[in-house]
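[1] my questions are about this predicted structure, shown below with the sequence.
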Amino acid sequence: MNDDKLTLYFYKDGLTQAERLGITNALAADTELAARYKLLSNSLSRLSDAEPDAVTPDMMQRFHNTIDRAANRERGATSTTSPPVHFWSFFWGAAITAALALGIGIGVWFGADFEPGPDDGIGRDLFVDVTPQNNVVPVVFQRSITNYFRESQRDITDLPMDAEADRLILILRLIDHNRLFEKAAMQNNSPELARVLRAFEPILVKLAADDIAPEEAEVLRAQLAFELNVMLTKLTRDTSDGRQTYSERT
Amino acid sequence: MVAVMQGGGEPTQAEFHEAITNRADRWFAACLKITRNRAMAEDAVQEALLSAWAKRSQFQHDARLDTWIHRIAVNAALQLLRKNRPASFEPLDFEIPDDADSQEDVHHAGELERDLGKALTHLSDIERICFVLKHIEQWRLREIAEELEINVGAVKQALFRGVGKLRKRMTTLQGV
């Protein structure tokens, strides 16, 4: 009998009842086999889990904060009542989306050094040149952020609008990742990219609201999908048209 | 003390905090053994917490909150690993030899039992994942196969290889 059978016997898994019984009988009858099994079971028992890796205090704090943020968001979402004329009503949502789309289109495709006005509101953060500042952005980060935009775009497209809980989970996850990438953008010398990411959050929060109207949700979703697409196009174009990648500049 | 639901109703924010305080290190350790990447392990725990919070109404009251979150975290770690390194889940039909006699191994001989995590670095991804899920997390072979989307035979083979390498390492280094 080979050690593989004895391993399964040790784990009490993966054997039929007849096989288990056969091994039990063999162990009782064959002292050499019994000694071999004892050695194996001793070895496996010694492969016990050690003390867990200590979680650093700041990581522990982040775990606690995650729950607090989720709870706060939930409280905020449930206590929010829709005003008679909601800012993100279909009309205004569509109008702002159109304006943003036009602005971003101009900004991206003409590559203009667009300077936003001081009081442009939420849209202001989106009119940015995502070219990294000071030419010191690791290629790993560029790849990560591109993947993140791509996955977020897919998530937003597939957002389950008829399943509130699932939608909430997905959006909370996006918000969390968004914050991580925002922080990473700052740490990777890309403050403008961080601003773009920051600008996504209020839209995501609106989308997470449980009382959001389907039309409004659709507008916000389309807006996010469009903006993510613009960012992706921009990032991909920077790499593929022969411009220096972030790492090549470093 | 572990977070055990005291009464009916869904787990409260305070109970989540209690579970985090008492068990986050174990969730993180489990995720780290699977991913071998601290950032990914932390992400997995974060996602598990968010998911558990959002689905807390589905929590079975006869279960332990920390155990429930632990399982969600392990699943999250597997998903993250699958997303970041999809090749990790492909069963190998050949064995990658272990390098049990290197200087580093001799140096770390005494640490093997104290740090299973180090020993696990000598296994391939699929061997490590199957070993961790079976030996440490105590999943059924069938559960592992379903989660990894491979057949039970492939799980067994990966497990046997992993166990074999770890035992060989113990024998070589400690004269077991």
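    Sure, I can see it.

[2] chain A: helices as residue ranges?
    A:3-11, A:17-29, A:31-46, A:57-79, A:90-109, A:139-157, A:164-187, A:191-208, A:214-240, A:246-249 (DSSP state H).

[3] A:Thr236 and A:Asn188, how far apart?
    Separation of A:Thr236 from A:Asn188 (C-beta to C-beta, to the nearest Å): 18 Å. C-beta here means a position set from N, CA and C on the backbone, and glycine is covered the same way.

[4] A:Glu215 now?
    Taking C-beta to C-beta as the measure, A:Glu215 falls 38 Å from A:Asn188.

[5] more neighbours: these two, which one.
    A:Asn188 (21 against 13; other C-beta atoms under 10 Å in any protein chain shown).

[6] where in chain B is pLDDT low?
    Scanning chain B with the threshold set as pLDDT under 70 gives B:1-8, B:88-115, B:171-176.

[7] what's around the residue of it found nearest chain A, how many residues?
    In chain B, the residue that lies nearest chain A is B:Ala29 (3.5 Å; C-beta to the nearest C-beta). Other residues within reach of B:Ala29 by the criterion other C-beta under 10 Å amount to 22.

[8] check which helix or strand covers it.
    helix B:13-35 (DSSP states H and E).

[9] picking that back up, dump the helices of chain A into JSON lines; add distance to chain B and mean pLDDT as well.
    Shown next, in JSON lines, are the helices of chain A (distance: least, C-beta to the nearest C-beta, whole Å; pLDDT from 0 to 100):
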{"stretch": "helix A:3-11", "distance to chain B": "5", "mean pLDDT": "93"}
{"stretch": "helix A:17-29", "distance to chain B": "13", "mean pLDDT": "93"}
{"stretch": "helix A:31-46", "distance to chain B": "5", "mean pLDDT": "90"}
{"stretch": "helix A:57-79", "distance to chain B": "5", "mean pLDDT": "86"}
{"stretch": "helix A:90-109", "distance to chain B": "25", "mean pLDDT": "44"}
{"stretch": "helix A:139-157", "distance to chain B": "8", "mean pLDDT": "75"}
{"stretch": "helix A:164-187", "distance to chain B": "4", "mean pLDDT": "74"}
{"stretch": "helix A:191-208", "distance to chain B": "10", "mean pLDDT": "77"}
{"stretch": "helix A:214-240", "distance to chain B": "18", "mean pLDDT": "75"}
{"stretch": "helix A:246-249", "distance to chain B": "19", "mean pLDDT": "38"}
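
[10] distance to B:Ala14 for the ones you listed - can I get that in CSV?
    Formatted as CSV, the helices of chain A follow (distance: least, C-beta to C-beta, whole Å):
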stretch, distance to B:Ala14
helix A:3-11, 38
helix A:17-29, 45
helix A:31-46, 37
helix A:57-79, 10
helix A:90-109, 38
helix A:139-157, 31
helix A:164-187, 20
helix A:191-208, 23
helix A:214-240, 33
helix A:246-249, 44
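
[11] nearest to B:Arg169, out of the ones you listed?
    helix A:31-46 (10.0 Å; C-beta to C-beta).

[12] walk me through the domains of chain B.
    Structurally, chain B divides into domains by automatic domain parsing as follows: B:13-84, B:91-174.
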